[in-house]
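Trainee: sequence and predicted structure are below.
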Amino acid sequence: MSRATRRQKTEQRLRLLEAQFTETLIAALKDCASGRRGIFGQNDKSIACEPPSLREILKSKDAEFLLEQGEEIVRLRRDLGVEEEFPLLPRYLFYRQLRSSNTPGEPKLALEFLTEIEIELHVDGHL
């Protein structure tokens, strides 16, 4: 396989992963805004104290998927020499690290993040 073909396949894989990440993030944010928690990991420390079988039920599969996809997106961008970040990933990680007594709950954070994404889509026409 030629170098150009490998690069094209890697670029295609990156586009697919970024589209999947975006789709999963928006769906998870909508679910979270409706009351399903876990995407921002605010209760991860509490869940860690539960028995393994309950921990598996309580943890967010969407959050796990997004974090894994995010790592893969960063790796592929680095391999391709793409300098700019995939914009949704650092924003998602920013929201995940918010922790203070004044930090809103996950549903409010989800609404805020969704609003941010919608504004970006309307202003730029893309993310």
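Mentor: Good, I have the coordinates.
Trainee: packing partners for the top helix by length along the chain?
Mentor: What stands out as the longest helix in the chain, according to DSSP state H, is helix 3-33. Counting by 3 or more Cβ pairs under 8 Å, 6 or more residues apart in numbering; DSSP states H and E, the packing neighbours recorded for helix 3-33 are helix 61-80, helix 88-97, helix 106-124. No exception for glycine: its C-beta is placed from N, CA and C like everyone else's.
Trainee: so the shortest one versus helix 106-124, what angle?
Mentor: This points to helix 88-97. 160 degrees (axes from the mean of the first three to the mean of the last three Cα atoms, to 10 degrees).
Trainee: pull the helix or strand with minimum mean pLDDT from this protein.
Mentor: Every helix and strand of the chain was ranked by mean pLDDT, DSSP states H and E. The lowest is helix 52-58, at a mean of 59.
Trainee: re the thing from before, E18 is nearest to which of the helices and strands packed on helix 3-33?
Mentor: In terms of Cβ to Cβ, the element of these nearest to E18 is helix 61-80, at 6.1 Å.
Trainee: name the helices or strands packed onto the closest one?
Mentor: With contacts defined as 3+ Cβ pairs under 8 Å, 6+ apart, the secondary structure elements packing on helix 61-80 are helix 3-33, helix 88-97.
Trainee: correct me if wrong: L109 contacts G38.
Mentor: No: in this structure, L109 is not within contact of G38 by Cβ atoms under 8 Å, at 11.8 Å.
Trainee: joint contacts of those two?
Mentor: Between them, L109 and G38 have C32 as joint contacts when contacts are counted by Cβ atoms under 8 Å, 6 or more residues apart in numbering.
Trainee: any weak-confidence spans in the protein?
Mentor: Applying pLDDT under 70 to the chain flags residues 1, 44-59, 121-127.
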